[in-house]
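S.K.: coordinates for the following, if possible.
(one chain, ligands or ions: 2)
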Amino acid sequence: MSASEAVLVPYTEILRQECPRHVVWIQESPPIAKRSYQSGAGKSALINAVFGIEGATPVSHRTPGVHDIDKPFSFPQNDRIIIHDSQGFEPGEEGNIQTVSDFIRRRSEMPALADQLHAIWVCAEIPFAGGRLFERGVERILLEYWGNLPIIVVFTKLDVLRVAQENKLEKQLEQRGEEMDDNEFEAELDTIVAATVQDLCVKPLCDLTPSEPPKWVATSTTDPRYKTTIADLVNLALEITKIENVWIEMAIAQRSSAQASIDASIRVGRKRYWRGLISDIFLGFTMRSVLEVLQKDIVNVWNMHDPEKHLQKPEFLALLSVLVEDISDEATNNYPLTEKAVKAIIDNPAAIIIAGPTAVVVLFAEWVRGTYKKTKSSVRCLIAFIVDLTLTMDTLFYLVLSRGQTPIKIALVNSALRIYNSRKAPVHASIKAWVDGWGTFGHLDADVVIKKIAGIIADNSVKPEQWGMREEGSDESWMSLDALRET
Ligand SMILES: Nc1nc2c(ncn2[C@@H]2O[C@H](COP(=O)(O)OP(=O)(O)O)[C@@H](O)[C@H]2O)c(=O)[nH]1
Ligand SMILES: [Mg+2]
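M.R.: Ligands and ions are numbered 1, 2, ... in the order given. This is a model prediction of the structure:
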């Protein structure tokens, strides 16, 4: 097959055939009937927060003829997950515990990655008012699968514990006639809450599994103070996931850790196309197909709720190429893209005729129209494209997170582009400085190059604690290229 007939298949699509969804067994402990309070541990709220599906109505799947246990849920807003939701065991349900245990074992041992259970999350509401943390059935599941399956223990409703401890501390201070300033009070409360979690939750868990207890996280889905604990949960769950493709699938499925999405992009890139930057796999392909495959893989990894597929559109690609313009060989940008040229490319990607002065070897046109060339300047632009797209997605991620998980709108993508464009100067400076030092690149090692790209992304990614941007655009169409240049 010649290169002109061949197509560059996104690696994420290849992967998807092997492992289309992340499958989680979510186990409640203890069941509602054994508690003094009448509500679930917060499993649904947790799933919604981790997988970015606020307000989702799960769709239940039932395989005919199969026991009730095989009745997982999926969600239209995020088709990368399957959840098996287990309500916990009532006393005297030994038979049920056995059924669950057998089911988990059977599914975990299935040969195809797609059929397996990929993780177990045990959700236990922090028993601050007394009561058990784990009942026998759950203890058995923990003991049986800990070490074999990635198990995360999630202690839920941390905010409720905090409020209870806050009241207690206030009373104590009152009795002692003491006063504390707000900061002191909050710090004291943090210490008390952490110690209580140790006492009520971590200690019983360690007693159960003394050698090396499963990973745990204490969280709240309602108190913004604990928002980062959701990302912590994802990062911990990934840390204990050993199978590379399961790891990637989980990182794709989640929508609460930007770090996980970035890391997954790098892993996916390392498999094929980022490695291709300095190999020969792109030779003979048009730049448009190279850019498109990079765009698809990165956008697929972030798995945003984008029902209209804005992030796959050529308009987005054109705006991304504007971000990269200043990294081309020219000291100044002599080759701006004309709106007309972009329109021609978008409307008719196959036959591009660039109007305007012939000297205008438009960067985008050169890229998109031409075939890939393994030159230093071209590779430098491709690296900038990867970095700029990743950091634009990172910006978009936090815009989405701060607004609640609503479908991606063009206005939001415009905002992300604008915000990132105003932050990109140091990013491009470091790419330029690095590539300038290359000499020739015949000797470059792909892993070293990818590591450096990862380093530049890490240095410049949004730091959640500094995130304060809340841009509210309302534009319904894509911004013009000049509008982006002027930001
Ligand atoms: N205070 C507080 N309430 C929560 C939290 N998570 C869930 N809830 C509430 O607990 C109840 C049960 O939550 P749900 O997610 O439906 O639990 P599930 O039955 O385990 O799926 C609902 O009223 C939720 O609003 C939390 O972190 N803090
Ligand atoms: Mg539920």
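S.K.: next to ligand 1 in this structure, residues from the protein, please.
M.R.: The chain comes close to ligand 1 at residues 28, 39-45, 156-157, 159-160, 220-222, as judged by CB under 6 Å from any ligand atom. Every C-beta, even on glycine, is put in place using the N, C-alpha and C of the backbone.
S.K.: now, of these, which are buried?
M.R.: 28, 40-45, 156-157, 159-160, 220-221 (16 or more other CB atoms under 10 Å).
S.K.: residues in the chain within reach of ligand 2, list them.
M.R.: Taking CB under 5 Å from the ion as the measure of proximity, the chain contacts ligand 2 at 43-44.
S.K.: which stretch of helix or strand covers the residue in the chain that ligand 1 sits nearest to?
M.R.: Going by CB to the nearest ligand atom, ligand 1 is nearest to Gly40 of the chain, at 1.8 Å. Here Gly40 sits in a region with no helix or strand, counting by DSSP states H and E.
S.K.: need the pLDDT of it.
M.R.: pLDDT recorded at Gly40 is 85.
S.K.: that older thread, JSON lines for the buried ones among the residues of the chain next to ligand 1, including secondary structure?
M.R.: Formatted as JSON lines, those follow (DSSP: H, G, I helix; E, B strand; the rest coil):
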{"residue": "Glu28", "secondary structure": "strand"}
{"residue": "Gly40", "secondary structure": "coil"}
{"residue": "Ala41", "secondary structure": "coil"}
{"residue": "Gly42", "secondary structure": "coil"}
{"residue": "Lys43", "secondary structure": "helix"}
{"residue": "Ser44", "secondary structure": "helix"}
{"residue": "Ala45", "secondary structure": "helix"}
{"residue": "Thr156", "secondary structure": "strand"}
{"residue": "Lys157", "secondary structure": "coil"}
{"residue": "Asp159", "secondary structure": "helix"}
{"residue": "Val160", "secondary structure": "helix"}
{"residue": "Ser220", "secondary structure": "coil"}
{"residue": "Thr221", "secondary structure": "coil"}
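S.K.: what's the most distant pair in the residues you listed?
M.R.: Farthest apart among these by CB to CB are Glu28 and Asp159. That separation is 18.6 Å.
S.K.: backbone dihedrals for the residue of the chain closest to ligand 1, both of them.
M.R.: phi -70, psi 170 (degrees, to the nearest 10).
S.K.: my read: it touches Gln27, true?
M.R.: No: checked against CB atoms under 8 Å, the pair Gly40 and Gln27 is beyond contact range at 12.0 Å.
S.K.: looking at this structure, which residue is nearest ligand 2?
M.R.: Nearest residue of the chain to ligand 2: Ser44, at 3.3 Å (CB to the ion).
S.K.: how close does that residue sit to Val234?
M.R.: In this view, Ser44 and Val234 are 17 Å apart by CB to CB, to the nearest Å.
S.K.: Pro426 - how many residues pack around it?
M.R.: Applying other CB atoms under 10 Å, we find 11 residues neighbouring Pro426.
S.K.: show me what contacts it?
M.R.: Asn460 (CB atoms under 8 Å, 6 or more residues apart in numbering).
S.K.: can you give me the offset of the helix or strand encompassing it from its chain's centre?
M.R.: For Pro426, the element it lies in under DSSP H and E is helix 425-436. Distance of helix 425-436 from the chain centroid (CA atoms, centre = their mean, to the nearest Å) equals 26 Å.
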